[in-house]
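Asks: Would you be able to build a 3D model of this:
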Amino acid sequence: MPEIFTLVVITVIVALIFDFGNGLNDAANAIATVVATRALPLWGAVLLAAVGNFAGVFIFGVAVATTVAKGLVDPSIVNVYVILGGLTGAILWVYFATYYGIPVSASHSLIGGFVGAALVAAGLSSLKLMGISKVLIFIIVAPLLGMIGGFLFFAVIMWMFRKTKPQKVNKWFRKLQLITASTYSITHGANDAQKTMGLIAILLFSSGHLKGEFFIPYWVVITSYTVIALGTLAGGWRVIKTIGIKLTKIRPVHGFCASGAGSVVLAFTSIAGIPVSTTHVMAGSIMGVGSVRRFSAVRWKLARGMVWAWILTIPAAAIVSGASYFVISLVI
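Replies: Numbers count the residues shown, from 1 in each chain. Here you go, the predicted model:
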């Protein structure tokens, strides 16, 4: 039907608007340490992040996108209204948080929105509780893994270079940081940038525009990564400032360790198909690195505020999305 096709097109556009907001907020953490330490200018860091994101999907596959599309909500109840309602709640939360420089998880905003709309549309039985429980568990586990990894990584580096002057260490790691920043961008693409792809794909299948075995069309991959890179270029600086500057003082060696630890965590979760928050992982890694110097080096008051934002993200997006679905289903 022509009206359904039009609604699908509108929903794809709305999904890309969310993807742009993801670039404004969530994707900014992929380059936060590189920009904060001035290893690269903003435009160079964005280019690095964009290339890494594209590479991520080809290296690690689309396991995370598949989980978002099929592992959280029963695909049989998904329709264009559910997805449009879910996206509305996610967008409102992400753009609100970005405006105030709050590094929330765009990934969890999208997941919360999708789940909230499905819950209102078809009830609790429509939710895949096993998949949702993994997401909820990794709200705690992902930043802890990042923190532990960052702490251990930096502790080892400090011991290895304990007899070297700090100026030399930072000079060397200003260049070496580009290696771990690249690997972080690749693993970021393998996890974070796939959420929108998964939602667009399930929209196309549920509306009958794609048939057969589930897959992610190539044009969806290219479009999603292009838009997320444009979002990062347009306004990622506020979140970069919160994570890379305000949370703790970052030098090149710190950026190297934080990005390296984050890369390991994201590689593991991407292979396992677990959609985690890259914001959580990077913030945890930076906290771990800062704690090695001294516990007070981390601004824990700011960190507590970030954690509360993380906890509230899924329920906040779910509530707004549930209400959005109800209104949309009545009006359209």
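Asks: list the buried ones in the helix or strand hosting residue 170?
Replies: Using DSSP states H and E, residue 170 sits within helix 166-191. Residues 169-170, 173-174, 176-178, 180-191 are the ones in helix 166-191 that count as buried (16 or more other CB atoms under 10 Å). (Glycine included, C-beta is placed from N, CA and C.)
Asks: what about it, average pLDDT?
Replies: Averaged across helix 166-191, the pLDDT comes to 84.
Asks: Work out which residue lies at the spatial centre of this structure.
Replies: Centrality entry for the chain: nearest residue to the mean C-alpha point is residue 192, 3.9 Å, by CA atoms, centre = their mean.
Asks: Tell me how far that residue lies from residue 276.
Replies: Distance of residue 192 to residue 276, computed by CB to CB, to the nearest Å: 8 Å.
Asks: which residues are common contacts for those two?
Replies: Common contacts of residue 192 and residue 276 (CB atoms under 8 Å, 6 or more residues apart in numbering): 107, 266.
Asks: helices or strands next to the helix holding residue 170 in the packing?
Replies: The contact analysis (3 or more CB pairs under 8 Å, 6 or more residues apart in numbering; DSSP states H and E) places helix 166-191 against helix 32-36, helix 42-60, helix 252-272, helix 278-293.
Asks: If we go by neighbour counts, what in the longest one is buried?
Replies: Residues 252-267, 269-270 are the ones in helix 252-272 that count as buried (16+ other CB under 10 Å).
Asks: what's the neighbour count on residue 58?
Replies: 12 (other CB atoms under 10 Å).
Asks: And the helices in the chain, which stretches?
Replies: Assigned by DSSP state H, the chain shows helices spanning 2-24, 32-36, 42-60, 63-70, 80-99, 106-122, 129-160, 166-191, 194-206, 218-235, 237-241, 252-272, 278-293, 300-331.
Asks: what about residue 47, neighbour count?
Replies: Neighbours around residue 47, by other CB under 10 Å: 16.
Asks: Against residue 233, how distant is it?
Replies: Residue 47 is 9 Å from residue 233, by CB to CB.
Asks: related to what we said a few turns ago, Throw the helices of the chain into CSV and include distance to residue 212, thanks.
Replies: Output for these, formatted as CSV (distance: least, CB to CB, whole Å):
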stretch, distance to residue 212
helix 2-24, 18
helix 32-36, 40
helix 42-60, 20
helix 63-70, 14
helix 80-99, 20
helix 106-122, 23
helix 129-160, 23
helix 166-191, 25
helix 194-206, 9
helix 218-235, 15
helix 237-241, 39
helix 252-272, 25
helix 278-293, 31
helix 300-331, 28
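Asks: Lowest mean pLDDT across those helices, which one is that?
Replies: helix 237-241 (a mean of 60).
Asks: State the distance from residue 87 to residue 203.
Replies: Residue 87 is 10 Å from residue 203, where distance means CB to CB.
Asks: what sits in contact with each of the two?
Replies: 11, 15.
Asks: ok now the helix holding residue 170, how far from the chain's centre?
Replies: From the chain centre to the centre of helix 166-191 is a distance of 19 Å (CA atoms, centre = their mean, to the nearest Å).
Asks: Same check on stretch 313-326?
Replies: Computed by CA atoms, centre = their mean, the chain-centroid distance of stretch 313-326 equals 19 Å.
Asks: Buried ones in that stretch, by neighbour count?
Replies: Buried residues in stretch 313-326 (16+ other CB under 10 Å): 313-314, 316-325.
Asks: Report the angle between the helix holding residue 170 and helix 252-272.
Replies: 20 degrees (axes from the mean of the first three to the mean of the last three CA atoms, to 10 degrees).
Asks: Helix 166-191 vs helix 278-293, what angle?
Replies: If you take the same axes, to 10 degrees, helix 166-191 sits at 160 degrees to helix 278-293.
Asks: Start at 757, not 1
Replies: Fine by me, first position is 757 from now on; the one you just mentioned is helix 922-947.
Asks: got the angle for helix 922-947 vs helix 819-826?
Replies: Using the same axes, to 10 degrees, the inter-axis angle of helix 922-947 relative to helix 819-826 is 40 degrees.
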